[in-house]
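> Sequence and predicted structure are below.
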Amino acid sequence: MPYVNIRVTKEGVSAEQKQALIEGTTDLLMRVLNKDPATTFVIIDEVETDNWGVNRESVTSRRREARG
């Protein structure tokens, strides 16, 4: 019973994109590990950019600096 947790920053990931992630992840586990799609769980968490840090700063801050 595979459980896959995908975390992305909350920046407008569409329902279609999420569905593609779920399908693609499920298909990968089926193809590579021969896992049953009926018992494969894919969870997508959207994290606010204030709560995601890279190289000692938040993604919010990094994006603000990139815009200038």
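Cool, the structure landed.

> Can you give me the neighbour number for Thr49?
The local packing of Thr49 (other C-beta atoms under 10 Å) involves 16 other residues. From N, CA and C alone the C-beta is placed, and that goes for glycine too.

> Would you list the phi and psi of it?
phi -60, psi -20 (degrees, to the nearest 10).

> residues contacting it?
Thr49 is in contact with 9-11, 58-60, 63, counting by C-beta atoms under 8 Å, 6 or more residues apart in numbering.

> Give me the secondary structure label for Gly12.
Following DSSP: H, G, I helix; E, B strand; the rest coil, we place Gly12 in the coil state.

> What count of nearby residues applies to it?
7.

> Got phi/psi on it?
Dihedral angles for Gly12 - degrees, to the nearest 10 - are phi 80, psi 30.

> re earlier: tabulate the contacts of Thr49 (CSV), appending pLDDT, secondary structure and distance to Glu23.
As requested, the contacts of Thr49 are exported to CSV (pLDDT from 0 to 100; DSSP: H, G, I helix; E, B strand; the rest coil; distance: C-beta to C-beta, whole Å):
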residue, pLDDT, secondary structure, distance to Glu23
Thr9, 96, strand, 21
Lys10, 96, coil, 21
Glu11, 92, coil, 21
Ser58, 96, strand, 31
Val59, 95, helix, 26
Thr60, 95, helix, 30
Arg63, 90, helix, 29
